[in-house]
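In: With the sequence up front, the predicted model follows.
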Amino acid sequence: MQHYSKDGTEIIDIVFSTEDINAYKLLIQNNDRKETVPVLYLASIWPKFQMFEQFLETEIYLRETSINKYKDLIVDTWYEAVLTKEKRTHVKSYTIYQFSLKIKKEEETYVTINQTFIEK
């Protein structure tokens, strides 16, 4: 997995293995036999970003999520995952972070996830 980071954006190359996806589908009791990646599985890749490591030891709350799926992600295919810190604001004793995660292949966006987290 190769990392690239610049100005609040980090890019990694990622592949979703058939074994991992089948284990996930079994866990969530998804009997779908398609060779596609469930969109909610993408939550598992956030910790792979160096930019997100600071939150692994901190208590944060997921406030809001929006998902746009344009094309199916296929298992055992390499994609580019782009995490961008869109915004960071302070409100009273809270810090609000807005991130976007895009999964792309050859400049075509397959999935976009926008999430807002709150840190006390």
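Out: That came through, no problem. Numbers count the residues shown, from 1 in each chain.

In: which residue ranges form the helices in this structure?
Out: In the chain, the segments counted as helices under DSSP state H are 18-27.

In: quick one: the strands in it?
Out: Taking DSSP state E to define them, one finds strands in the chain at 3-6, 9-15, 60-69, 78-91, 94-105, 108-119.

In: For the residue nearest to residue 96 when sequence neighbours are not counted, give its distance to residue 116.
Out: Distance criterion CB to CB, 6 or more residues apart in numbering; nearest residue to residue 96, sequence neighbours excluded, is residue 89 at 4.9 Å. For every residue, glycine as well, the C-beta is placed using N, CA and C. For residue 89, the distance to residue 116 (CB to CB, to the nearest Å) stands at 10 Å.

In: Compare those two (neighbour count), which wins?
Out: A count of neighbours by other CB atoms under 10 Å puts residue 116 above the other of residue 89 and residue 116, at 16 against 9.

In: what about residue 109, distance to residue 103?
Out: Distance, residue 109 to residue 103, by CB to CB: 7 Å.

In: which of the two has more neighbours?
Out: residue 103 (24 against 15).

In: give me every residue that touches the closest residue to that one other than its chain neighbours.
Out: Nearest residue to residue 103 in three dimensions, chain neighbours excluded: residue 111, at 4.5 Å (CB to CB, 6+ apart). Shown in contact with residue 111 (CB atoms under 8 Å, 6 or more residues apart in numbering): 39, 42, 67, 68, 69, 70, 71, 73, 101, 102, 103.
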